[in-house]
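**Student:** prediction below, plus the sequence it came from.
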Amino acid sequence: MLEFPLWKKISLWALTLAAAALALPSLAKVAGLPWPAGLPGPEVNLGLDLAGGSHLLLEAKADDVRAQRLTNMEETVRQLMRGAKPRIRIGDVSTADGKLSFMLENAADIDRARGLIEPVMQGQTSTREWDLSVVDGQRIVLTPTEAGLAQAIDDAMASATEVVRRRIDELGTREPTIIRQGSTRIVVQVPGLQDPEALKNLLGQTAQLEFRLVDLNALPENVQAGIAPPGSEIFPYAPGTPQEGRFEAVRRLGGIRGDSLTGAQAGVDPQTNQNIVNITFDAQGGAKFAKLTTENVGKPFAIILDGKVLSAPVINEPIIGGRAQISGNFTPESANNLAIALRSGALPVPLHVVEERTVGPDLGADSIRKGLIAMAIGSLAVIALMIASYGRFGVYATIALVFNVLMLLGLMALGNFTLTLPGIAGFVITIGAAVDANVLINERIREERKRGRKVVSAVETGYKEASRAIWDANLTNFIAGVALFAFGSGPVKGFAVVLVLGLFTSVFTGVTLTRMWVAGWLRRARPTDLVI
């Protein structure tokens, strides 16, 4: 175990120095020193508690999910009835009391209508999402089930979590924490964010984009009074538009949603020099958009974002090719944020900020300072004890300890991991674990010398036998660290990352490197006794 050929020594030193060198950019940043621009500079990301940032708690309302489900089912039913051969005519559609009900013009169509509707009542899972009943032999009533609503909320929140994640990634932030809390809440933590208000606005924007035909039969005085014609809805114009304060009546059904967008980029209209958002549909969405504009040339259609009309241009000619543009008196920033929201997808349900906290960078700097002080005091106390107890072997353990910290920092920088305040605690524990390995080795060498073994034999046996206990102990800690990372969140994961990486660096520096150094010393000095 004490044989170290030249190639092995070079490999171990190269690995040690390379990993330690990766820590230099992070140390230079903490010390406030500039890092040369031409050199690679991986740095350890600082968590919310160290770098400052924003903490938001977003919540969705179950009533919004219920309303959306009723609207979707109504449109599905109308499409099914129109597509029936022969067509099934319906009237008197109502969504009162959270139920969808409609009257068949011909009672003889009741069985055909049930046969068309029942397959879509099951949804995409095994959960029955709707109950169907027939009233007076001619009216069909669809009632959402509680199990179906719970499944819909769960699906909506899972989708919303991914949309939030994509939007934050588009902002270029590093290592955000995005987790669900309960059935209708999402926790968002973004370290180092300088503009929390922009984040709040972006995450609160549902980005539900719709293209709907304007109802030309609506009387302007009724529209401004909030009275919508049958089959239409009234939406206000968005703030900042020339028509701000006015309303528009649009057809409820037959429009196109922005679900089929494949791209959105902020730009400038070369003719008007206004900020716009260029959008691209997929093949199916492009075909629907082309059909809508082809069949309604000369008619206005409203571009609606999150329940507010951005503009209502007249369709001068069919828009084919799956490309269009959105205008609405945007600034460059608002156009870019809208493009981000559209690219990342619309939220399936509106999210409201119910809690907001901001951690200032000064508090983070104070946490770093106190954490480093604690680590320094602990390290110095351990170093003093090791040197006093084990002499030369304590010096080797101390040097290994320094390399252990540097390698751990370097690996975290290379892996783009985040360091949190609990992560600093993980550093302190790692120092203790590294020293513990050397204590086991040195005590075992001391015992072997007392049993009468010669110096080389005692050292070789000490490393061999102590390594078994070290590997067993670190395997147990590794399992615990993996479990913390898999089931924990935020700072708990930060602690787990440092703990797991520290196990590998501790064993490498505390066992492998010190063994190489001790073997070299024995070969050079050939001592007849050990002071340990």
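**Tutor:** Great, that's in hand.
**Student:** can we go C-alpha only for contacts and neighbour counts from here?
**Tutor:** Will do.
**Student:** buried stuff in the helix of greatest length in the chain?
**Tutor:** In the chain, taking DSSP state H as the definition, the longest helix is helix 455-487. Buried residues in helix 455-487, counted by 16 or more other C-alpha atoms under 10 Å: 455-456, 458-464, 466-467, 470, 474, 477-478, 481-482, 484-485.
**Student:** then stretch 416-436?
**Tutor:** Neighbour-count burial for stretch 416-436 flags 417-436 (criterion: 16+ other C-alpha under 10 Å).
**Student:** per-domain residue ranges of this structure.
**Tutor:** Domain assignment of the chain by automatic domain parsing yields the ranges 6-52+361-525, 62-149, 205-358.
**Student:** looking at those, which is closest to Val190?
**Tutor:** Closest approach to Val190 among those is made by domain 6-52+361-525 (6.6 Å; C-alpha to C-alpha).
**Student:** check which helix or strand covers the closest residue to Ile319 other than its chain neighbours.
**Tutor:** Residue nearest to Ile319 in three dimensions, not counting chain neighbours: Ala290, with 5.4 Å by C-alpha to C-alpha, 6 or more residues apart in numbering. Assigned by DSSP states H and E, Ala290 falls within helix 283-295.
**Student:** same deal with Val439?
**Tutor:** Per DSSP H and E: Val439 is located in helix 421-450.
**Student:** just checking, what packs against that helix?
**Tutor:** Helices and strands touching helix 421-450, by 3 or more C-alpha pairs under 8 Å, 6 or more residues apart in numbering; DSSP states H and E, are helix 361-390, helix 392-414, helix 455-487, helix 491-507.
**Student:** can you add mean pLDDT and distance to Asn278 and give these back as CSV?
**Tutor:** Listed next are the helices and strands packed on helix 421-450 as CSV, based on pLDDT from 0 to 100; distance: least, C-alpha to C-alpha, whole Å:
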stretch, mean pLDDT, distance to Asn278
helix 361-390, 78, 37
helix 392-414, 90, 37
helix 455-487, 87, 40
helix 491-507, 85, 40
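**Student:** mind putting the ones you listed into a markdown table with distance to Arg185?
**Tutor:** Shown next, in a markdown table, are the helices and strands packed on helix 421-450 (distance: least, C-alpha to C-alpha, whole Å):
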| stretch | distance to Arg185 |
| --- | --- |
| helix 361-390 | 26 |
| helix 392-414 | 31 |
| helix 455-487 | 18 |
| helix 491-507 | 19 |
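**Student:** ok, which of the ones you listed comes nearest Thr177?
**Tutor:** Ranking the helices and strands packed on helix 421-450 by distance to Thr177, with C-alpha to C-alpha as the measure, places helix 491-507 first at 9.4 Å.
**Student:** and the angle from the closest one to helix 455-487?
**Tutor:** Here helix 491-507 points in a direction 160 degrees away from that of helix 455-487 (axes from the mean of the first three to the mean of the last three C-alpha atoms, to 10 degrees).
**Student:** now the helix or strand just after helix 491-507: buried residues?
**Tutor:** Heading C-terminal from helix 491-507, the first helix or strand you meet, by DSSP H and E, is helix 514-525. Neighbour counts over helix 514-525 (16+ other C-alpha under 10 Å) mark Thr514, Arg515, Met516, Trp517, Val518, Ala519 as buried.
**Student:** stretch 62-78 too?
**Tutor:** By neighbour count on 16+ other C-alpha under 10 Å, the buried set for stretch 62-78 is Ala62, Val65, Arg66, Arg69, Leu70, Thr71, Met73, Glu74, Val77, Arg78.
**Student:** contact partners of it?
**Tutor:** The contact list for stretch 62-78 (C-alpha atoms under 8 Å, 6 or more residues apart in numbering) reads 95, 98-100, 117, 149, 152-153, 156, 184, 253, 349-350.
**Student:** residue ranges with poor pLDDT in the stretch 101-250 of the chain?
**Tutor:** Counting by pLDDT under 70, the low-confidence segments of the stretch 101-250 of the chain come to 123-127, 170-175, 192-196, 198, 202, 204-207.
**Student:** ok, which stretches of it are strands?
**Tutor:** In the stretch 101-250 of the chain, the segments counted as strands under DSSP state E, counting those that start in this stretch are 130-135, 139-144, 177-181, 185-191, 209-213, 232-236, 247-251.
**Student:** nearest to Trp35, of those strands?
**Tutor:** Trp35 lies closest, by C-alpha to C-alpha, to one member of these: strand 185-191, at 22.2 Å.
**Student:** what's that closest one in contact with?
**Tutor:** Residues outside strand 185-191 that contact it (C-alpha under 8 Å, 6+ apart) are 46-49, 51-60, 157, 161, 173-181.
**Student:** so which residue is dead centre in the protein?
**Tutor:** Nearest to the mean C-alpha position of the chain, by C-alpha atoms, centre = their mean, lies Arg165 at 3.7 Å.
**Student:** these two touch, right, that residue and Arg180?
**Tutor:** No. Distance between Arg165 and Arg180: 11.5 Å, which falls outside the contact criterion (C-alpha atoms under 8 Å).
**Student:** what's the most distant pair in the buried residues of helix 514-525?
**Tutor:** The widest separation within these, taken as C-alpha to C-alpha, falls between Thr514 and Ala519 and amounts to 8.4 Å.
**Student:** contacting residues around Pro527?
**Tutor:** Contact partners of Pro527, counting by C-alpha under 8 Å, 6+ apart, are Val455.
**Student:** isn't there a helix covering it?
**Tutor:** No. Using DSSP: H, G, I helix; E, B strand; the rest coil, the secondary structure at Pro527 is coil, not a helix.
**Student:** quick check: it vs Ala67, distance?
**Tutor:** Going from Pro527 to Ala67 by C-alpha to C-alpha, to the nearest Å gives 84 Å.
**Student:** now Ser260
**Tutor:** For Ser260 relative to Ala67 (C-alpha to C-alpha), the value is 21 Å.
**Student:** again, but for Val223
**Tutor:** From Val223 across to Ala67, the span is 23 Å (C-alpha to C-alpha).
**Student:** please apply the same query to Thr420.
**Tutor:** Applying C-alpha to C-alpha, the value for Thr420 to Ala67 is 41 Å.
**Student:** check Ala324 too.
**Tutor:** Ala324 sits 29 Å away from Ala67, taking C-alpha to C-alpha as the criterion.
**Student:** could you do Val190 as well?
**Tutor:** Distance of Val190 to Ala67, given as C-alpha to C-alpha: 32 Å.
**Student:** Arg451 now?
**Tutor:** Here Arg451 is placed at a distance of 81 Å from Ala67 (C-alpha to C-alpha).
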